[in-house]
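[1] My questions are about this predicted structure, shown below with the sequence.
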Amino acid sequence: MKVSSAREIAGSSERFPPGVRVGPGALIDDDVSLGERTGRPGRSRGLEIGRGAIIRSGSAVHDGVRIGDHLEMGRHVVIRADTTIGDEFRVWDNTLIDAGCTIGDRVQIHANCYIAQLTTIGDEVNIGPGVCLVDDPHPGSATHLCMRGPTIGRGAQIGTNATIFPFVTIGERSLVSPGSVVSRSVPAGLVVAGNPARVLKSVAKVTCPLDVEEGHYLGSPRGSCEEAARGRAGELSS
Ligand SMILES: CC(C)(COP(=O)(O)OP(=O)(O)OC[C@H]1O[C@@H](n2cnc3c(N)ncnc32)[C@H](O)[C@@H]1OP(=O)(O)O)[C@@H](O)C(=O)NCCC(=O)NCCS
């Protein structure tokens, strides 16, 4: 079903400021704001969104943002200036993605999250509702010279209401359990929980609590599965 009150956009559109380019097949609600937020007319760095985007009511994407194909944005989502995002990005209602972030392909960010400035998020990361990724090691600094959001490795999962400190790295495929406060970097493939977060176990040891799913509870990032499948196909055909 199409988004109510959305208008289908065939390509770059006259309804947006100069420099805003939206790919074909987009569905964008009427009160969405795309483009310049510099407050200085004529200084636009442009905005590019790939094909097949869905952008719902009350959302805004600011100047200098680049987003790949098949974006899906909920209501009242804001993506601030100079953030770069890959393909198949899904973000739910009321999330704020601050300026200068780098986000990979097939990333999902749930509702009510704050993604701080200069955060890096790898491919196939899942971020649960109410997560805060923060960027300021000493709030109140007038210079803001040492601000940077965390780095979330490929395929990592961040549970609901977790808080992750500035400069912290979450390793590939690690799981941050709900409500954790992560103040130190986490190596790849581990489960951490608590405040301050401590290592519980390897993700390979996480099993389905209901025994519904067999094998590893946390699947591999899609790329790895595809590579493994290609590898198996190669073995079969050789
Ligand atoms: C981390 C997790 C995988 C552990 O599951 P498990 O292997 O069944 O382990 P348990 O639930 O037995 O927990 C082991 C210990 O860690 C504690 N613990 C688990 N998660 C915790 C958390 N988020 N915060 C604090 N302590 C936690 C448990 O209380 C238990 O402590 P105990 O040994 O003193 O009783 C599970 O708690 C989890 O977080 N799953 C993912 C949920 C999620 O993020 N969903 C998406 C949300 S949007």
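    Nice, I can see it.

[2] per-domain residue ranges of this structure.
    1-100, 105-223 (automatic domain parsing).

[3] contacting residues for Gly194?
    With contact set as Cβ atoms under 8 Å, 6 or more residues apart in numbering, Gly194 has these partners: Ser177, Ser180, Val181. Quick note: C-beta positions are derived from backbone N, CA and C, even for glycine.

[4] I meant Val192, not that one.
    Ser174, Leu175, Val176, Ser177, Ser180, Val182, Val186, Arg198, Val199, Leu200.

[5] if we can go back for a sec, emit the ChimeraX select command for whichever of the contacts of Gly194 are buried.
    Selecting only the buried entries of the contacts of Gly194 in ChimeraX, with 16 or more other Cβ atoms under 10 Å as the criterion:
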select :177,180
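
[6] just checking: which of the contacts of Val192 also lie near the ligand?
    Among these, the residues lying close to the ligand (Cβ under 6 Å from any ligand atom) are Ser177, Ser180, Leu200.

[7] list the contacts for the first one?
    Right, Ser177. Shown in contact with Ser177 (Cβ under 8 Å, 6+ apart): Gly159, Ala162, Val191, Val192, Ala193, Gly194, Ala197, Leu200.

[8] and with 7 Å instead?
    By Cβ atoms under 7 Å, 6 or more residues apart in numbering, the contact set of Ser177 is Gly159, Val191, Val192, Ala193.

[9] what does the second one give?
    With contacts defined as Cβ under 7 Å, 6+ apart, the neighbours of Ser180 are Gly159, Ala162, Val192, Ala193, Gly194, Asn195, Ala197.
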